[in-house]
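Chemist: sequence plus the predicted model coming up.
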Amino acid sequence: MTDFSSPPEVQRDSTDDITKLNKDLERLIENAEHISVQLTWMSYDMVALRTSPDLESSMQKLAEAFLRCTAAVRGENQPESGEVPDASGTTLNYEI
């Protein structure tokens with residue numbers, strides 16, 4: 001007589017493998033979607049900057065104004081009128 005207890009065990013392992021594979025595929029798809037969104041924003045930025053060169057200077061002025069406002073809210077020393085605060089750490093991040 002044959003023992004039928006091992007085939008369900010194999011089926012269970014197969015189900016676990018399929019579940020793990022589905023989770024891995026879902027994670028990979030989400031990562032691909034995230035990369036796609038980042039690439040879309042990067043291409044939008046490139047087109048916007050090439051279409052309007054003044055946009056870069058406007059964004060720099062906006063970043064400087066943001067730094068001055070945050071300094072005023074925090075009560076930090078205001079830069080002199082001739083000084084330009086360092087906006088190099090201020091970047092736009094499009095991550096979701």
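Modeler: Sure, I can see it.
Chemist: could you list the low-confidence segments of this protein?
Modeler: 1-12, 77-96 (pLDDT under 70).
Chemist: again, 80 this time
Modeler: In the predicted model of the chain, residues 1-13, 48-56, 76-96 satisfy pLDDT under 80.
Chemist: mind naming the longest helix for this structure?
Modeler: Of all the segments of type helix in the chain, defined by DSSP state H, the longest one is helix 6-51.
Chemist: following it, which helix or strand shows up next?
Modeler: helix 54-74 (DSSP states H and E).
Chemist: which helices and strands sit right next to that next one?
Modeler: Under the contact definition 3 or more Cβ pairs under 8 Å, 6 or more residues apart in numbering; DSSP states H and E, helix 54-74 sits against helix 6-51. C-beta coordinates here come from the backbone N, C-alpha and C atoms, glycine included.
Chemist: same for the helix it packs on, what does it pack against?
Modeler: Against helix 6-51 (3+ Cβ pairs under 8 Å, 6+ apart) you get helix 54-74.
Chemist: now the helix it packs on against helix 6-51, angle please.
Modeler: Interaxial angle, helix 54-74 versus helix 6-51 (axes from the mean of the first three to the mean of the last three Cα atoms, to 10 degrees): 100 degrees.
Chemist: got the CA coordinates for helix 54-74 in CSV?
Modeler: Provided in CSV are the C-alpha atoms of helix 54-74 (Å, rounded to 0.1, in the frame of the first residue of the first chain):
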residue,chain,number,x,y,z
ASP,A,54,14.8,81.7,-16.0
LEU,A,55,13.1,78.9,-14.0
GLU,A,56,16.5,77.8,-12.5
SER,A,57,17.2,81.3,-11.1
SER,A,58,13.6,81.6,-9.9
MET,A,59,14.0,78.3,-8.1
GLN,A,60,17.2,79.5,-6.5
LYS,A,61,15.5,82.7,-5.3
LEU,A,62,12.7,80.6,-3.9
ALA,A,63,15.2,78.4,-2.0
GLU,A,64,16.9,81.4,-0.6
ALA,A,65,13.6,82.9,0.5
PHE,A,66,12.7,79.6,2.1
LEU,A,67,16.0,79.6,4.1
ARG,A,68,15.5,83.2,5.2
CYS,A,69,11.9,82.4,6.4
THR,A,70,12.9,79.2,8.3
ALA,A,71,15.8,81.2,9.9
ALA,A,72,13.3,83.9,11.0
VAL,A,73,10.9,81.4,12.4
ARG,A,74,13.6,79.6,14.3
